[in-house]
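Student: sequence and computational prediction follow.
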Amino acid sequence: MMWQKYPGSRQSIPLGIKVLFGGVFGAGGFALVYYLIQKLHSRGLYYKLAMEQLQSHPEAQEALGPPLNIHYLKLTDRENFVDIADAKLKIPVSGSKSEGLLYVRSSRGGLFQRWHLDEVFLELKDGQQIPVFKLSGENGDEVKKQ
């Protein structure tokens, strides 16, 4: 017999089954957390503002080609970070003609203040850079759409 059942005790579960279920639940939990972090970033104002700029920029749209596909962030990339006052993201995007990375720099004055874009540019896989948005002016009020 593989394991023994003693009177009055529960039948034990083989170690292999415990390891298998532990691995499945651990991987599932990690995948869920990864998905929730992706959703958190995609709902952030810094992300939404950048997407609006990209979708309203004719040169970027032409370079990528319709339809525009926005892919998940690589959370392990050190260039993607968000803290209380600053956000820097590299958002993978693609279309029927090309693909690339949308670089986003955004900031805010403090925790309860609104995010504003500082700079957005698209870098295509061939190395071409398309400026999408750049904040101009020292007081941050003027906006220059490239």
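Tutor: The structure has been received and is ready for your questions.

Student: domains of this protein?
Tutor: 13-43, 45-134 (the TED database).

Student: for those domains, which has the smallest mean pLDDT value?
Tutor: For these, mean pLDDT drops lowest on domain 13-43, to a mean of 81.

Student: okay, buried residues for the helix ranked longest in the chain please.
Tutor: For the chain, the helix reaching the highest residue count under DSSP state H is reported as helix 15-42. Using 16 or more other C-beta atoms under 10 Å as the test for burial, helix 15-42 gives His41. Just so you know, the C-beta spots here come from the backbone N, C-alpha and C atoms, and that holds for glycine as well.

Student: which element is the closest residue to Val132 other than its chain neighbours on?
Tutor: Nearest residue to Val132, sequence neighbours excluded (C-beta to C-beta, 6 or more residues apart in numbering): Val120, at 4.3 Å. Per DSSP states H and E, Val120 falls inside strand 116-124.

Student: try Lys88
Tutor: strand 86-94.

Student: returning to what we had before: the residue nearest to Val132 bridge partners, please.
Tutor: Listed by DSSP bridges, the beta-bridge partners for Val120 are Val104, Phe133.

Student: mind listing what it touches?
Tutor: By C-beta atoms under 8 Å, 6 or more residues apart in numbering, the contact set of Val120 is Ala50, Gln53, Leu54, Leu102, Tyr103, Val104, Arg105, Pro131, Val132, Phe133, Lys134.

Student: now do the contacts for the second one.
Tutor: In this case it means Gln53. Contacts of Gln53 were listed using C-beta under 8 Å, 6+ apart, and they are Leu117, Val120, Val132, Phe133, Lys145.
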